[in-house]
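>>> can you look at this prediction? I've put the sequence above it.
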Amino acid sequence: MPRAIEVLSDDPNQLKAMLIAERARNERLVQFINEMQRHRFGRSSETLPEDQMVLALEEAEQDEAGAQAQAQSADARDKAARKRRANRGALADHLPRVETVVDIEDKTCLF
């Protein structure tokens, strides 16, 4: 049997092609080994049917949508509160001021 070094060529392009071929073969073998390990040691009994996975995804999507809606409503409330509390400044000096005092006759509290 010839030694591996005697079979190799001195042409760089041919060596690159051989290297690429060996890497592809190595990747196929690693993938085959992984598939065999999954077949032997995988959780085949714990797999869910597709419709059950869809239900779980729907529930997760609904939870996420609910959280987003709550965040948006909280942002809207905060924005409205900031708008109400906005300082619009004092009235201009040239505007007339009218002060009115409203007084009631009976000042006793019934409660």
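Now that the structure is in, tell me what you want to look at. Numbers count the residues shown, from 1 in each chain.
>>> tell me, how many residues neighbour Gln70?
Gln70 is flanked by 10 other residues according to other CB atoms under 10 Å. Every C-beta, even on glycine, is put in place using the N, C-alpha and C of the backbone.
>>> gap between it and Asp106?
Noted for Gln70: a distance of 48 Å to Asp106, by CB to CB, to the nearest Å.
>>> one more: Ala17?
Noted for Ala17: a distance of 107 Å to Asp106, by CB to CB.
>>> more neighbours: the two, which one.
The neighbour count for Ala17 versus Asp106, taken as other CB under 10 Å, is higher for Ala17 (12 against 6).
>>> for that one, which three-state class applies?
helix (DSSP: H, G, I helix; E, B strand; the rest coil).
>>> check it and give its pLDDT.
As predicted, Ala17 sits at a pLDDT of 90.
>>> what's the answer for Leu95, then?
Among the per-residue scores, Leu95 shows a pLDDT of 87.
>>> got the domain ranges for the protein?
As recorded under automatic domain parsing, the domains making up the chain are 1-45, 48-80.
>>> distance of the residue nearest to the spatial centre of the chain relative to Leu8?
With distances taken as CA atoms, centre = their mean, Glu64 lies nearest the centre of the chain, 9.3 Å away. Separation of Glu64 from Leu8 (CB to CB) stands at 57 Å.
>>> equivalent analysis for Ile20, please.
Per CB to CB, Ile20 is found 15 Å from Leu8.
>>> tell me where this structure has helices.
4-7, 12-41, 50-84 (DSSP state H).
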